[in-house]
Structure formats: C-alpha cells, structure tokens
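Engineer: Structure, please.
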Amino acid sequence: MKTILLVEDNPVDVMLMRRAMAKLDTVSDLRTVSDGQAAIDYLSGLGPYADRSSYPVPYVMVLDLKLPRKNGFEVLDWLRANSTYSHLPVVILTSSREDQDLRKAYLAGANSYFLKTPDAEELNRMAQIIHEYWIGYNRLPGH
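Structural biologist: Numbers count the residues shown, from 1 in each chain. As a prediction, the model looks like this:
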C-alpha cells in the first residue's frame with residue numbers, strides 16, 4: 001500500500017481531504033501531520049514516528065506552505081537537500097495565490113501546485129488527480 005503524507009495545520013482542511021480521499025475507493029493510505037517540523041520528524045523516523053510499520057515512508061507528500069514551526073518552503077529545502085528524500089514527489093496544496101510563492105515553490109523543488117478550494121466537488125477532483133497520477137502512474141526509484 002502506498003502512503004500519502006498530508007502536511008496540513010488546518011483540521012477542517014485535513015477532514016475535507018480525508019473525506020475526498022475516502023471517496024476514491026483506493027488502496028493508498030493517508031497519513032497526516034500538522035506542522036513542518038513534524039513532517040521532517042515523520043520522514044526522519046524520529047520520536048513518535050520511529051515505527052515504520054505505523055508510519056510508513058510516503059510515496060508522495062501533499063504540503064501546505066503556511067505551517068507552524070517550519071513552513072512548507074523549509075520542508076522542501078530539507079527534502080531536496082536530503083539524499084534519501086530528494087526524489088519524493090511534493091504536491092503543494094495551499095491557499096496562497098501569490099505568484100512569488102508559486103515561483104518559490106517550484107524553485108525549491110515542488111512537483112505540482114494546487115490551490116485550496118472550498119468547493120467539495122473540486123476538492124474531490126483534485127484528490128482524484130493527485131491519486132491517479134502520483135500514486136497510480138508515477139514511478140519512483142526503488143519502488
């Protein structure tokens with residue numbers, strides 16, 4: 001089973017994404033953390049995330065930019081500097097419509113940039129696209 005790691009601090013957005021993913025009838029596993037430092041700890045297998053059977057290495061990360069402790073850009077910088085995770089696909093899912101954030105995210109190594117939406121149908125479609133492409137079709141080294 002392939003794991004998607006959702007890094008999102010807004011509990012409503014987490015709930016909406018869980019609901020959207022649940023409607024897909026997929027074989028993926030959605031895990032969540034609520035801040036950038038927790039994302040790094042999860043990937044590093046530190047602290048509560050040390051048990052890889054409970055916290056498997058993700059196949060793709062869905063990352064908000066505006067996060068506590070470490071923001072999405074800091075997480076991207078850490079990922080791309082870490083040889084173990086430099087290939088991990090990162091889909092940005094953010095409310096930022098700022099062109100400078102879009103450019104900065106791609107320069108930092110994001111693979112895709114989605115804007116959050118309050119529309120449930122549109123969010124369901126985004127979840128479907130993320131799952132179909134990044135889990136269904138995309139291939140990663142070592143998998």
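Engineer: Please count neighbours and contacts with C-alpha atoms only from this point.
Structural biologist: OK.
Engineer: Give the residue spans of this structure that score low on pLDDT.
Structural biologist: 26-27, 143 (pLDDT under 70).
Engineer: Next, name the residue at the spatial heart of it.
Structural biologist: For the chain, the residue sitting closest to the mean C-alpha position, by Cα atoms, centre = their mean, is Val62 at 1.6 Å.
Engineer: any idea which element it lies in?
Structural biologist: Assigned by DSSP states H and E, Val62 falls within strand 60-63.
Engineer: about what we covered before: bridged to the residue nearest to the centre of the chain, which residues?
Structural biologist: Leu6, Val91 (DSSP bridges).
Engineer: mind checking how far Tyr59 is from Ser96?
Structural biologist: From Tyr59 across to Ser96, the span is 24 Å (Cα to Cα, to the nearest Å).
Engineer: Spit out the contact partners of Ile40.
Structural biologist: Residues near Ile40 by Cα atoms under 8 Å, 6 or more residues apart in numbering: 75, 78.
Engineer: can I assume it sits in a helix?
Structural biologist: Yes. Secondary structure of Ile40 (DSSP: H, G, I helix; E, B strand; the rest coil): part of a helix.
Engineer: separation between it and Glu132?
Structural biologist: From Ile40 to Glu132 the distance is 25 Å (Cα to Cα).
Engineer: Just list the residues touching the residue nearest to the centre of the chain, thanks.
Structural biologist: Listed by Cα under 8 Å, 6+ apart, the contact partners of Val62 are 4-7, 90-93.
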